[in-house]
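>>> Sequence and predicted model, in that order:
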Amino acid sequence: MDNITPKVVKIHDVKIDQEYMQWLGEIKARYRNTQIKAAVKVNAEQLLFNWQLGRDLVMRKAEEKWGSGIVEQVSLDLQAAFPESKGFSTTNLWYMKQWYQFYAGAIPKLQQSDGDFQFPESQSGIKLQQLVGELQHAEDSRDHGMTLPGMFMLVPWGHHILILSKCKNIEEAIFYIAKTISGNWSRSTLENCLKSDLYHTSGGAITNYAEKLPSPQSELAQAITKDTYDFGFLSLDEGYKEEALETELEKHLTRFLLELGSGFAYLGRQKQIIVAGKTRTLDMLFFHIPLNCYIVVELKTIPFQPEFAGKLNFYVSAVDNLIKTPAQNPTIGLLICSNKDETEVQYAFRGVQTPMGVASYDNVQVKKIQEQLPSIEELKKRIKLLEEELNLTSHSQY
């Protein structure tokens with residue numbers, strides 16, 4: 001017994017060296033890995049239960065057999081049996097049923113699809129054939145060793161509910177599931193990407209976000225950057241300059257913010273910053289709340305030129321050093337010009353150290369000079385009115 005009695009050692013008798021620190025780091029890493037595996041296993045078992053209960057409500061035709069209030073009744077009975085559990089609300093049970101219907105109901109449709117179709121690598125990189133096989137296996141196996149698709153088990157139930165509530169088809173849902181896994185998205189990040197419609201907008205604009213920003217910030221930044229902004233709410237004179245474009249955008253700020261997307265806060269136009277004793281002005285400065293970063297917007301009324309990237313890089317660096325706080329994420333630059341060539345933009349991005357995107361705009365209503373001049377009929381009316389005013393003035397003098 002004496003041989004296994006713990007030996008009391010004073011802390012100052014311990015020698016801490018590099019080998020010990022390396023070993024301690026390995027122990028910590030193993031324990032964290034164990035925690036992750038345990039959490040994944042618990043999540044997988046809970047999701048499997050949810051899938052089975054949703055399947056039972058559908059396959060047993062519960063509402064037809066026991067009445068329209070059967071889901072509420074099951075909820076009450078399960079809450080009474082397991083009062084410590086929080087997942088048996090009526091709403092949650094309805095989600096389980098809808099979750100099962102959404103994916104299992106898509107199997108016949110997916111089986112008719114091209115089995116070799118694969119989502120782009122920037123999306124999920126998963127073959128439909130593979131997904132159909134896993135879903136079909138889940139259906140065929142029922143309670144006998146039933147398993148869900150592996151990717152489903154890596155996503156928390158709350159995330160599944162969000163995806164189920166917002167996605168219109170299974171391809172879109174799988175995109176967000178894969179993004180959640182690869183980017184380790186929190187629920188708030190997933191919600192922001194769903195709101196900004198990342199599935200349809202991802203990869204639209206030309207950016208270097210993937211290289212210059214960490215995930216998931218890079219995905220969300222990409223999601224909020226459109227390839228082309230619709231400025232159809234603007235009406236400008238023919239040959240308008242950048243100042244006129246800025247002025248009109250500020251006049252229609254509400255419409256501009258709606259076009260930019262959710263999360264933008266406007267901080268001002270022609271924002272001045274002093275660099276090396278010289279005053280520089282930013283066209284427009286915004287702050288994006290979900291991204292927790294400043295966004296410098298530069299406007300150009302001509303097609304993209306390589307030197308624009310260098311100027312925007314300068315402004316973004318200046319904001320990072322002079323305005324951004326340590327608690328905020330890196331500043332992003334957004335150049336909106338009349339047109340762009342992808343090859344030119346990609347070349348211009350080489351050597352740029354700050355995150356930036358290049359987009360274009362269209363649909364500005366341009367008023368031609370001829371349209372601004374009065375017609376002959378209008379001139380005749382104005383001359384007649386002027387003559388009448390002159391006659392009245394001359395009579396009043398006598």
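It's in. These numbers come from a predicted model, not from an experiment.
>>> Over stretch 341-350, what's the mean pLDDT, rounded is fine.
Stretch 341-350 carries an average pLDDT of 92.
>>> Ignore what I typed, I meant stretch 50-57.
On average, stretch 50-57 scores 91.
>>> Please give the element, helix or strand, for K324.
Of the helices and strands defined by DSSP states H and E, none includes K324.
>>> So it is in contact with V296, correct?
No: under the criterion of CB atoms under 8 Å, K324 is not in contact with V296, lying 10.9 Å apart. Quick note: C-beta positions are derived from backbone N, CA and C, even for glycine.
>>> anything in contact with each of those two?
Here K324 and V296 have T331 as joint contacts, going by CB atoms under 8 Å, 6 or more residues apart in numbering.
>>> if you count what's nearby, which of those two comes out ahead?
Neighbour totals were compared for K324 and V296, and V296 leads with 28 against 16 (other CB atoms under 10 Å).
>>> Can you point out the buried residues in stretch 340-356?
340, 344-345, 348-349, 352, 354-356 (16 or more other CB atoms under 10 Å).
>>> Now intersect these with the helices, please.
Residues of the buried residues of stretch 340-356 located in helices (DSSP state H): 344-345, 348-349.
>>> so where's the stretch 1-150 of the chain uncertain?
1-13, 106-148 (pLDDT under 70).
>>> Would you map the helices across it?
18-59, 62-66, 70-81, 90-104, 107-111, 128-141, 150-153 (DSSP state H, counting those that start in this stretch).
>>> closest one to L164 among the ones you listed?
helix 90-104 (5.5 Å; CB to CB).
>>> Which secondary structure elements does that closest one sit against?
Where contact means 3 or more CB pairs under 8 Å, 6 or more residues apart in numbering; DSSP states H and E, helix 90-104 is packed against helix 18-59, helix 70-81, helix 128-141, helix 157-166, helix 170-183.
>>> repeat that with 7 Å
helix 18-59, helix 70-81, helix 128-141, helix 157-166 (3 or more CB pairs under 7 Å, 6 or more residues apart in numbering; DSSP states H and E).
>>> Nearest to K271 among these would be which one?
Nearest to K271, of the helices and strands packed on helix 90-104 and by CB to CB, is helix 157-166 at 35.2 Å.
>>> in the closest one, what's buried?
157, 159-163, 166.
>>> Mind putting these into a markdown table with pLDDT and distance to W99?
Supplementary listing: the buried residues of helix 157-166 in a markdown table, determined by pLDDT from 0 to 100; distance: CB to CB, whole Å:
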| residue | pLDDT | distance to W99 |
| --- | --- | --- |
| W157 | 93 | 9 |
| H159 | 94 | 12 |
| H160 | 95 | 6 |
| I161 | 96 | 8 |
| L162 | 95 | 12 |
| I163 | 95 | 9 |
| K166 | 93 | 13 |
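>>> Figure out how far the helix or strand where A221 lies is from the centre of its chain.
A221 belongs to helix 217-224 when assigned by DSSP H and E. Between the centre of helix 217-224 and the centre of its chain there are 5 Å (CA atoms, centre = their mean, to the nearest Å).
>>> do the same with stretch 60-70
39 Å.
>>> End to end on that stretch, go ahead and measure it.
12 Å (CA to CA, to the nearest Å).
>>> quick one: buried residues of that stretch?
62, 70.
>>> for the residue positioned nearest the centre of the chain, what are its contacts?
Central residue of the chain (CA atoms, centre = their mean): C193, 2.8 Å from the mean position. Counting by CB atoms under 7 Å, 6 or more residues apart in numbering, C193 touches 219-220, 223.
>>> Buried ones in stretch 175-182, by neighbour count?
In stretch 175-182, counting by 16+ other CB under 10 Å, buried: 175-181.
>>> returning to what we had before: possible to save the buried residues of helix 157-166 as CSV with distance to L260?
Compiled in CSV, the buried residues of helix 157-166 are given as follows (distance: CB to CB, whole Å):
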residue, distance to L260
W157, 33
H159, 26
H160, 30
I161, 28
L162, 23
I163, 25
K166, 20
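>>> you'd agree W157 is up against F49?
No: using CB atoms under 7 Å, W157 is not in contact with F49, being 10.0 Å away.
>>> wait, what's in contact with M96?
With CB under 7 Å, 6+ apart, M96 has these contacts: 50, 53-54.
>>> Kindly report the same for Q98.
Here Q98 is in contact with L164 (CB under 7 Å, 6+ apart).
>>> contact partners of stretch 77-85?
F88.
>>> Can you give me the first-to-last residue distance of that stretch?
12 Å.
>>> Over to stretch 235-247?
Start-to-end, stretch 235-247 (CA to CA) is 11 Å.
>>> Could I get the buried residue list for it?
236, 240, 245-246.
>>> Closest one of these to I27?
E246 (58.1 Å).
>>> The closest one contacts L282, correct?
No: in this structure, E246 is not within contact of L282 by CB under 7 Å, at 10.7 Å.
>>> before we move on, back to that, tabulate the helices of the stretch 1-150 of the chain (a markdown table), appending distance to K278.
Below are the helices of the stretch 1-150 of the chain laid out as a markdown table (distance: least, CB to CB, whole Å):
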| stretch | distance to K278 |
| --- | --- |
| helix 18-59 | 48 |
| helix 62-66 | 73 |
| helix 70-81 | 67 |
| helix 90-104 | 58 |
| helix 107-111 | 60 |
| helix 128-141 | 57 |
| helix 150-153 | 53 |
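>>> how about the residue nearest to E172 when sequence neighbours are not counted, secondary structure?
Residue nearest to E172 in three dimensions, not counting chain neighbours: Y199, with 4.8 Å by CB to CB, 6 or more residues apart in numbering. Here Y199 is recorded as helix under DSSP: H, G, I helix; E, B strand; the rest coil.
>>> Since that was my last question, I'll sign off now.
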